[in-house]
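Q: Pasting the sequence and the predicted model now:
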Amino acid sequence: MESTERHPLSPEMRTRVLQELDRLERERNVTVLYACESGSRAWGFASRDSDYDVRFIYVEKPDWFIQVDTPRDVIERPLSDELDISGWELRKALGLLRKSNPTLLEWLDSPLVYRSEPAETARLTALAEAFYSPPAARNHYLSMAKKNFRGYLQDETVRLKKYFYVLRSLLAVRWIDKDLGRPPMTFHELLCTVDDQALLAEIDELLALKRNADEATYGPRRPALHAFIEEQLERPVPVLERTAQDSRLLDDYLRDVVRHHA
């Protein structure tokens, strides 16, 4: 399947998002360093009515950092039921990167990028790689899988999209356990960790069904997927190497970016 089919994004919506980002920069006097699509459109299993989840990293002007009270470091703009835009200030993002926050790492791997300052983004991606911690990422994805499985997939009729929230998290765990590096954002790439052809056929069938249905569509429980999920949730935890890096690398990057965009 073509990438454009897995990650649908209309030219009209891209233009609208770029206009909103420009407006946000003017109104807040900030610089957007990087903006991407997150959620099901970037993961590759969007439904017909999936919304657009735009996430970005921005930098404030120097005076913002020199004040007694800690200022708000998040911008949120839920513009409509279809479009939601929110972002993290760079210092906040770097604090999360130091903890190997998987959400932030996924943003940097998104296949749908709206805006990017090339030099800053390249350095940020290199820092994400340097501070990546397999145990932290594994714990995050396993926790997400357990939460969604226990909360949404226990009835005889279940919401189809929740299967992919669980499967994607568990495939990311498998990726980490196979020592393949940082898990990719897209569901399509994560599927390479599965070699059971019957299971892959079941997933493909469900993918086709979800892409042609609405976000709220329900369907019968799928025993084969349930068996796979339960098996994966019980897998033993391997010994994974923890990452230790010097936080001064992040401080240097923050100072350079703030000065450059002052």
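A: Happy to help now that I have it. Numbers count the residues shown, from 1 in each chain.
Q: switch to C-alpha atoms for all contacts and neighbour counts from now on
A: Will do.
Q: The stretch 51-200 of the chain: strands as residue ranges?
A: Per DSSP state E, counting those that start in this stretch, the stretch 51-200 of the chain carries strands over the ranges 52-59, 74-78, 83-89, 113-116, 157-159.
Q: Any idea how many residues pack against residue 219?
A: Using other C-alpha atoms under 10 Å, the number of residues around residue 219 comes to 13.
Q: Paired strands for the strand or helix carrying it, with orientation please.
A: Applying DSSP states H and E as the criterion places residue 219 in strand 218-220. The pairing partners recorded for strand 218-220 under DSSP bridges are strand 157-159 (antiparallel).
Q: Helix or strand next in line after the strand holding residue 219, which one?
A: Per DSSP H and E, the helix or strand that comes after strand 218-220 is helix 223-233.
Q: what does the average pLDDT come to for that following helix?
A: Helix 223-233 carries an average pLDDT of 96.
Q: Check which helices and strands it sits against.
A: Where contact means 3 or more C-alpha pairs under 8 Å, 6 or more residues apart in numbering; DSSP states H and E, helix 223-233 is packed against helix 160-177, helix 197-211.
Q: Can you tell me what sits against the helix or strand just after that helix?
A: Next helix or strand after helix 223-233 toward the C-terminus (DSSP H and E): helix 248-260. With C-alpha atoms under 8 Å, 6 or more residues apart in numbering as the contact definition, helix 248-260 has outside contacts at 59, 60, 61, 62, 90, 91, 94, 120, 123, 127.
Q: close enough to count as contact, the fourth one and residue 91?
A: It stands for residue 62. No: judged on C-alpha atoms under 8 Å, residue 62 makes no contact with residue 91 at a distance of 11.8 Å.
Q: higher neighbour count, those two?
A: residue 91 (21 against 12).
Q: Which pLDDT value belongs to that one?
A: Looking at residue 91, the pLDDT reads 97.
Q: on that earlier part again, most tightly surrounded among the strands of the stretch 51-200 of the chain?
A: The highest mean neighbour count among those, using mean count of other C-alpha atoms under 10 Å, belongs to strand 52-59: a mean of 23.
Q: tell me the angle that strand makes with strand 74-78.
A: 150 degrees (axes from the mean of the first three to the mean of the last three C-alpha atoms, to 10 degrees).
Q: what separates stretch 39-56 from the chain centre, distance-wise?
A: Relative to the chain's own centre, stretch 39-56 is displaced by 10 Å; criterion: C-alpha atoms, centre = their mean, to the nearest Å.
Q: list the buried ones in that stretch?
A: 39-47, 50-56 (16 or more other C-alpha atoms under 10 Å).
Q: Quick check: which ranges of the stretch 1-150 of the chain have low pLDDT?
A: Where the stretch 1-150 of the chain drops to pLDDT under 70, the residues are 1-7.
Q: all helices for it, in order.
A: 3-6, 11-28, 40-43, 90-98, 102-108, 118-130, 134-152 (DSSP state H, counting those that start in this stretch).
Q: on that earlier part again, now tabulate the contacts of helix 248-260 in JSON lines and tack on distance to residue 175.
A: Formatted as JSON lines, the contacts of helix 248-260 follow (distance: C-alpha to C-alpha, whole Å):
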{"residue": "59", "distance to residue 175": "33"}
{"residue": "60", "distance to residue 175": "36"}
{"residue": "61", "distance to residue 175": "39"}
{"residue": "62", "distance to residue 175": "40"}
{"residue": "90", "distance to residue 175": "28"}
{"residue": "91", "distance to residue 175": "29"}
{"residue": "94", "distance to residue 175": "24"}
{"residue": "120", "distance to residue 175": "28"}
{"residue": "123", "distance to residue 175": "24"}
{"residue": "127", "distance to residue 175": "21"}
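Q: What remains of those if I keep only buried residues?
A: Looks like the contacts of helix 248-260 have 59, 60, 61, 90, 91, 94, 120, 127 buried, using 16+ other C-alpha under 10 Å.
Q: Of those residues, which is the nearest to residue 220?
A: residue 94 (42.5 Å; C-alpha to C-alpha).
Q: Just give the closest residue to the closest one, not the sequence neighbours.
A: residue 250 (6.5 Å; C-alpha to C-alpha, 6 or more residues apart in numbering).
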